[in-house]
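S.K.: missing the sequence, but the structure's below:
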């Protein structure tokens with residue numbers, strides 16, 4: 001549905017060029033939730049503004065359903081923007097208008113004249129976002145989560161085929177964030193709506209995204225299915241994001257591993273095998289003692305996933321046998337450290 005080819009964006013400031021994005025290439029499929037993650041200044045917000053042409057590209061091409069949106073202007077650009085909804089970090093609601101009037105605003109801008117049809121559409125949208133009884137209230141009377149739900153309803157008013165979310169949950173508390181993410185997931189599944197979600201929080205990506213791209217310094221350093229990127233991060237920036245989500249940093253992890261005897265391995269597995277007692281079974285079978293150093297068992301979107309870092313102690317042959325048995329059961333095993341003084345022999 002969306003294709004970015006060698007997209008670059010350069011800003012001129014105080015007589016010098018600032019490259020916000022360099023040679024960005026992305027393919028986003030229809031109906032998926034695609035996360036773009038990066039720290040502040042990575043180029044995330046610039047990228048999302050290019051998708052609805054609030055900013056123009058400096059180089060490259062952006063296609064939406066095969067149409068080159070970088071070449072649009074005038075009425076064609078206005079028509080394209082009506083098919084792209086956007087929600088914002090700070091809601092951007094009109095404080096002097098009621099909830100219903102805020103949601104109706106895009107319909108008025110699009111030229112809808114039929115008042116009854118407009119009222120029916122607004123009621124439908126407020127029902128969809130769980131605010132059916134809040135239409136006559138003003139934004140100042142709502143909680144942060146309710147304001148964002150109004151923002152979502154407003155973004156859906158013209159039945160867009162693409163929804164852009166720019167840090168849509170970063171101003172919310174964790175419980176409210178979860179409820180808003182659940183709503184976005186329900187909308188995606190019910191309407192088949194393509195969602196591009198910009199965030200600096202890996203837990204947001206983990207909760208609802210299908211694919212993710214990691215931006216660093218205006219460059220995409222890694223991209224792929226969320227399960228693959230989370231369980232097997234390849235780039236140092238991605239690895240730092242994953243460790244941050246687990247409240248760790250690389251120095252803490254290195255110090256922890258240095259103080260523990262044995263062979264250190266990281267196990268990664270997905271699907272229903274997450275709930276099988278295979279670690280205990282293999283340990284008994286091969287006479288291997290193990291210590292769980294860190295890890296989590298969770299769902300990445302709808303997929304059960306587990307990742308555990310273990311210290312294994314036994315004769316080297318037994319450790320090799322246990323690793324092979326785990327791999328035969330579909331577990332991906334990374335050997336982080338083969339031996340230590342407490343390991344009898346070498347792998």
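M.R.: Everything's here; your move. This structure is a prediction, so every number in the text was calculated from the model and none was measured. Residues are numbered from 1 along each chain as shown.
S.K.: pLDDT weak spots in the protein?
M.R.: Within the chain, the stretches with pLDDT under 70 are 246-257, 340-347.
S.K.: what residue is smack in the middle of it?
M.R.: What sits nearest the mean C-alpha location of the chain, by CA atoms, centre = their mean, is residue 205, with 2.3 Å.
S.K.: can you tell me how far that one sits from residue 326?
M.R.: Counting by CB to CB, to the nearest Å, the gap between residue 205 and residue 326 amounts to 27 Å. Where C-beta positions appear, they are placed from N, C-alpha and C, glycine not excepted.
S.K.: contacting residues around residue 310?
M.R.: Residue 310 sits next to 264, 265, 266, 267, 279, 290, 291, 292, 293 when contact means CB atoms under 8 Å, 6 or more residues apart in numbering.
S.K.: what about 10 Å?
M.R.: By CB atoms under 10 Å, 6 or more residues apart in numbering, residue 310 lies in contact with 260, 262-267, 279, 283, 288, 290-295, 322, 326, 333, 336.
S.K.: what's the answer for residue 302, then?
M.R.: By CB under 10 Å, 6+ apart, the contact list for residue 302 reads 185, 189, 208, 210.
S.K.: and what of residue 49?
M.R.: 9, 20, 55, 56, 86, 164, 166, 198.
S.K.: what separates it from residue 164, distance-wise?
M.R.: Counting by CB to CB, the gap from residue 49 to residue 164 is 9 Å.
S.K.: who touches both of those two?
M.R.: Counting by CB under 10 Å, 6+ apart, the common neighbours of residue 49 and residue 164 are 86, 198.
S.K.: Relative to residue 4, how far out is the nearest residue to residue 219 once chain neighbours are set aside?
M.R.: Leaving aside its chain neighbours, residue 219 sits nearest to residue 22 (5.3 Å; criterion: CB to CB, 6 or more residues apart in numbering). Noted for residue 22: a distance of 12 Å to residue 4, by CB to CB.
S.K.: about what we covered before: same list (the contacts of residue 49) but as TSV, adding secondary structure and distance to residue 314.
M.R.: Formatted as TSV, the contacts of residue 49 follow (DSSP: H, G, I helix; E, B strand; the rest coil; distance: CB to CB, whole Å):
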residue	secondary structure	distance to residue 314
9	strand	55
20	strand	53
55	coil	58
56	coil	62
86	strand	56
164	strand	53
166	strand	51
198	strand	47
